[in-house]
Structure formats: structure tokens, C-alpha cells
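J.: Just need the structure, nothing else, for what follows:
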Amino acid sequence: MNPPNQFQPADFLAHAGAGRTLISYSKGDVIFSQGDTADAIFYLQKGRVKLSVVSNSGKEAVIAMLEPHGFFGEGCLGGQTQRMASAIAFSNCTTMRLDKTSVLETLASEPAFSELLLAYMLTRSIRIEADLVDQLFNSSEKRLARALLLLANFGKDGKPETVIPRISQETLAEMVGTTRSRVSFFMNKFRKLGFIRYGEEGDTMSPGTLEVHSSLLNVVLHD
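T.: So this is what the prediction gives:
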């Protein structure tokens, strides 16, 4: 049993307080935009958040699809004064906004919080490195298969969520770094091979949802 008044990161991130604000967003809401002042980090309690960047020419790329119990916007702790990406609610979600000053004070005084944030940032760094290798060396077909498997939590702790919410082919194209027509071609191929299945009217799955089968791993592993 934890001693009375011992700092608990889970409680700290669950309840509003000094420098901490609980905010709910509806799907499609902008949490922050590229170029905004970076003065806080966010902890995602529930839902999903899309991080994307737009180039000077207007081309958009999705750099991360965030799931509950993770942080985002942490670049402000490393000296970023402006947001390098936009964060958009990909579903209805709840976040805890933590002012930069409050986070820095907590990091200095509470080792348990420091360990939690460090562990998350190391995990994110490993994921970003894997994404870069995927982008450099794998075909767009393999990148799409990997993106779908990651959205369904294959290869992560816990049981995969094989049925994922509706996601547009435009978003998948932005994640993979290819065109919508290529995504459409590969999605049809995956469906015909039985690797994925779309929810339909009268189905046990909600219309528009997508079921990802573990057999899709064959695309990623095949040379």
C-alpha cells in the first residue's frame, strides 16, 4: 500500500488542479495548430488524436496516431516555442492540459512523474525510428499494411483491437506517404485476400469500421 500523500502519477493526470485543465474534444476538433505558441503538454485520457504537419507547398502528412495514456506537445519542454505539428481529435476524446511551468516543477520534484514521462518519450523515439526505417526501405503496400496493424494494436502489449474505427483513405495515404489511389488499390487487394473486412449494414460490426486480420502480417513479413 502506498504511504499517505505519496505522489501518484495516475491521480495527477486524472484530476484537474493547479496548472492542469481537463478538456474534452469532439471528433475533428483542433487541439492545437502548427505554428501556435507551445506552452503546455497534453495527456490523452481517452480517444485518439492525429498529429499532422503541412509543408510550405500545402502537402499534409500524418506523423502519428496517438492512443490513450500518452503525451503529446512535449516539444515545448525541449525549447520549442511554436507547435511543429497540428493535433486534431480523431475521435471524441478527453485530454489533460498541463502548463509547461507546472510540468517542469513536477519533473523537478516528483521522480515518479519524471520516470513516467521519460519512459513514454523513449517509447515514442523508438516508434519514430521504426517509422523512418519503414518509410526509407519498405514499399507503400508494406507501409500501409504496417499502419493498419499498428492501428489495430498488433505487436503491442495487450490483446489487439482487431476492429478499428472508420478511417478515410485520405488519412491512410497521409500516414503512409502515398496517393489515395494507391491506398484504394491496396485496400481492395487486402479485402479480396481476406486480410481486412469492412463493416456493413446488418453486420455485427458498425458500418464503416474495419476489421484487420493477423494474416495481414504476411504482407509485412514477405520479402
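J.: from here on, contacts and neighbour counts on C-alpha atoms
T.: OK.
J.: where exactly do the strands run in this protein?
T.: 20-25, 30-32, 40-46, 49-54, 60-66, 70-72, 86-89, 93-99, 163-164, 196-198, 210-212 (DSSP state E).
J.: Mind listing the strands the third one pairs with, and their directions?
T.: Meaning strand 40-46. If you go by DSSP bridges, strand 40-46 pairs up with strand 70-72 (antiparallel), strand 93-99 (antiparallel).
J.: starting at the chain centroid, how far to the longest one?
T.: Taking the mean of its C-alpha atoms, strand 93-99 sits 15 Å from the chain's own mean (Cα atoms, centre = their mean, to the nearest Å).
J.: and the angle for that strand with strand 20-25?
T.: Following axes from the mean of the first three to the mean of the last three Cα atoms, to 10 degrees, one obtains 150 degrees for the angle between strand 93-99 and strand 20-25.
J.: Let me know the pLDDT of the residue positioned nearest the centre of the chain.
T.: In the chain, the C-alpha nearest the mean C-alpha coordinate belongs to Leu66, at 1.6 Å (Cα atoms, centre = their mean). As predicted, Leu66 sits at a pLDDT of 94.
J.: So what sits opposite it in the bridge?
T.: Counting by DSSP bridges, the residues bridging with Leu66 are Val49.
J.: who's in contact with it?
T.: Counting by Cα atoms under 8 Å, 6 or more residues apart in numbering, Leu66 touches Arg48, Val49, Lys50, Leu51.
J.: residues contacting the nearest residue to the third one once chain neighbours are set aside?
T.: The shortest distance from Lys50 to any residue other than its chain neighbours is 4.7 Å, reached at Met65 (Cα to Cα, 6 or more residues apart in numbering). Contacts for Met65 were tallied using Cα under 8 Å, 6+ apart; they are Arg48, Val49, Lys50, Leu51, Leu151.
J.: Ok, Thr106 next?
T.: Phe113, Ser114.
J.: switch to 7 Å and redo it
T.: By Cα atoms under 7 Å, 6 or more residues apart in numbering, no residues touch Thr106.
J.: Adjacent strands (with direction) for the helix or strand of the chain with the lowest mean pLDDT?
T.: Ranked by mean pLDDT, DSSP states H and E, the weakest helix or strand in the chain is strand 163-164, scoring a mean of 83. Sheet pairing here is set by DSSP bridges, and for strand 163-164 it gives strand 210-212 (antiparallel).
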